[in-house]
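**Student:** build me a model:
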Amino acid sequence: MSKMFRSRLAQSNRRAGRGIGTIAALVVLVILAALAAAIAVVSSSQHAGAALDLQGARALQAARAGLEYGIYRAIAETPASCGTTHLNLAAIGFTVTVTCTAVASGDAVEQGLGTIYRIRATACQPPAGGVCPGVTTSSGYIERHIEALAERAAQ
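**Tutor:** Below you'll find the predicted structure:
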């Protein structure tokens, strides 16, 4: 081969190599951009999940507060105050619906026992129509339900 032919061949190989380097750099940039987008999506969904977990814990505490309120009304108040109560806990943004029903009393339970009440507390955010439980299509709807039986001694 002649010297001139070899130098032209080397020049054409160098030019071809430059194009491949540019394409490789673009592919790497696209892959890094896709990876950054995936990390952003996962991070935002993690934050949303953590916020819902926190609201779920608050809803459970609101339901417990409502349950204690219902137990107090059934056991400690004279006369026993039972029924349905709606509590607006505006400080934490929840509404609690407390229902109390007499399940059994006196001889129906056992001689000497008083009245047994079933107290149910449902906390939700945001309430549908101001009461819980609500029917909603909101993806951020939080609801917790808790219930207990309590006995009021015969007097």
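
**Student:** shaky segments in the chain?
**Tutor:** Counting by pLDDT under 70, the low-confidence segments of the chain come to 1-18, 106-112, 127-130, 135, 155.

**Student:** quick one: the strands in it?
**Tutor:** 84-89, 94-105, 115-125, 142-152 (DSSP state E).

**Student:** and the contacts of the longest one?
**Tutor:** The contact list for strand 94-105 (Cβ atoms under 8 Å, 6 or more residues apart in numbering) reads 58-59, 62-63, 65-67, 69-70, 73-74, 81-89, 114-125, 127, 130-133, 149. Placement of C-beta: from N, CA and C, glycine included.

**Student:** point to the residue nearest the middle of the chain.
**Tutor:** With distances taken as Cα atoms, centre = their mean, the residue of the chain nearest its centroid is residue 52 (3.1 Å).

**Student:** what's the burial count for residue 124?
**Tutor:** Neighbour count of residue 124, defined by other Cβ atoms under 10 Å: 23.

**Student:** residue contacts, it?
**Tutor:** Residue 124 sits next to 59, 94-95, 132-134, 141-144 when contact means Cβ under 8 Å, 6+ apart.

**Student:** ok, now residue 123?
**Tutor:** By Cβ under 8 Å, 6+ apart, residue 123 lies in contact with 59-60, 62-63, 66, 89, 94-96, 132, 143-144.

**Student:** ok, now with 7 Å
**Tutor:** The contact partners of residue 123, taken as Cβ atoms under 7 Å, 6 or more residues apart in numbering, are 59, 62-63, 66, 94, 96, 132, 143-144.

**Student:** in those, find the pair that's most separated.
**Tutor:** 66 and 143 (12.4 Å; Cβ to Cβ).

**Student:** and the two? Which one has more around it.
**Tutor:** More crowded of residue 66 and residue 143, by other Cβ under 10 Å: residue 66, with 28 against 17.

**Student:** right, I'll call it a day here.
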